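1. got a sequence here, can you model it:
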Amino acid sequence: MLTHTRPSIPAPTRGPDPLAELRAARAFLLRLADRGRPALDQLILDVGALAAAEQLTGGDIPEELRGHVTPARVQAAVAGAAGDGEAAARCGARLLIPEDAQWPAAAALTGTVGLWVRGHAGLEILCAPSITLTGSTAASGYGAHVAADFGGELAAAGRTVISGAGFGVAAAVHRGVLAAHGAAVAVLGCGVDRAYPAAHENLLERIAQSGLVVSALPPGTTPGRHRMHGCARVLAGLGEATVVVEAAARCAAMRVAAAARDLGLPVMGVPGPVTSAASVGAHQLIRQGATLVTSGSDVLAALSERERLAADTAEAWGLTPQEL
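-> Down below sits the predicted model:
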């Protein structure tokens, strides 16, 4: 059922694609992944992506998925995946999947079905040491200033800087990275072929010129509140640590911090004025154990200390740090 889509799903590299069949299967599965995610992840883990796609398109929908995946949704996903290649080609995007050599090695991305990517940077920047910076869309002047400083400093230190694409902190982070001529990665909560918010179309194009724009959602997907959890998971999973620059008590940045903690990744927070509602969330995270940082160098020092402690612990137990 997916045969006609196989040649049209763009691979990360040019030339014949030995993973064409698998790439088409994952493009289809991505169209089902925004709902019933844990059950779909488990099915893919149990039988593999290709077998999972064949099972679902053959009408054999596991009971634990039936509340989210209906035969009609499967047919819609097949039809949607058939057009994804053309939509991706129009914006220069390609589908990166876990079986690709360029897939980030981060264990936190386990379960991610695939990533649509566009931009002129080499995909190796997704595998390089990276930091996720997040914060409020309603950033104060202080928050925007600090976000740009952190982004520029980390980029100048050779780190890939990951952030969202919204107003406030994310926009300031990317502008700081671009000013430092660093590698910026913008994670979208919509299709990679869309500019959201629309006011950031030029900013996203600038990011794509020297970095990457990434989405775990199929081309053409519109933003939606129910998709925010998946976006937060990708944001957190791409970085080796998440830094919350400025956040109110309830904002999307707190979801990213929660995702990082769920994935076992370090969370750091930037303190702000105690009179500012925009810093309540960051202060809350610090009280809960997030590392307090005031500069990009603090972030790098905290990661170095974490790595040293892991190495010491591993040596004491006769293990490698990766085995801890």
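2. check the gap between the residue nearest to residue 156 when sequence neighbours are not counted and residue 246 for me.
-> Leaving aside its sequence neighbours, residue 156 sits nearest to residue 180 (C-beta to C-beta, 6 or more residues apart in numbering; 4.8 Å). For the C-beta atoms, the positions are set from N, CA and C on the backbone; glycine is no exception. Distance, residue 180 to residue 246, using C-beta to C-beta, to the nearest Å: 20 Å.
3. the more surrounded of those two?
-> residue 246 (30 against 18; other C-beta atoms under 10 Å).
4. so who does that one touch?
-> If you count contacts by C-beta atoms under 8 Å, 6 or more residues apart in numbering, residue 246 has them with 135-136, 139-140, 142-143, 146-147, 168-169, 253, 270, 272, 278-279, 282.
5. next, count neighbours for the closest residue to it other than its chain neighbours.
-> Distance criterion C-beta to C-beta, 6+ apart; nearest residue to residue 246, sequence neighbours excluded, is residue 143 at 3.3 Å. When counting by other C-beta under 10 Å, one arrives at 24 neighbours for residue 143.
6. now do the one 5 residues further on
-> Counted with other C-beta under 10 Å, the burial measure for residue 148 works out to 22 neighbours.
7. my guess is it meets residue 171, correct?
-> No - contact criterion C-beta atoms under 8 Å: residue 148 and residue 171 do not qualify, at 9.2 Å.
8. what's the overlap in contacts for the two?
-> Common contacts of residue 148 and residue 171 (C-beta under 8 Å, 6+ apart): none found.
9. thinking again about what came up before, list phi and psi for the residue nearest to residue 156.
-> As for residue 180, its main-chain torsions (degrees, to the nearest 10) stand at phi -90, psi 0.
10. surely it meets residue 152?
-> Yes - the criterion here is C-beta under 8 Å, and residue 180 meets it with residue 152 at 4.0 Å.
11. and the contacts of the helix or strand bottoming out on mean pLDDT in the chain?
-> Within the chain, confidence by mean pLDDT, DSSP states H and E is lowest for helix 296-317 among all helices and strands, at a mean of 83. The list of residues contacting helix 296-317 from outside it, by C-beta under 8 Å, 6+ apart, reads 131, 149-150, 152-154, 157, 159, 240-241, 243, 266, 268, 291-293, 320-321, 323-324.
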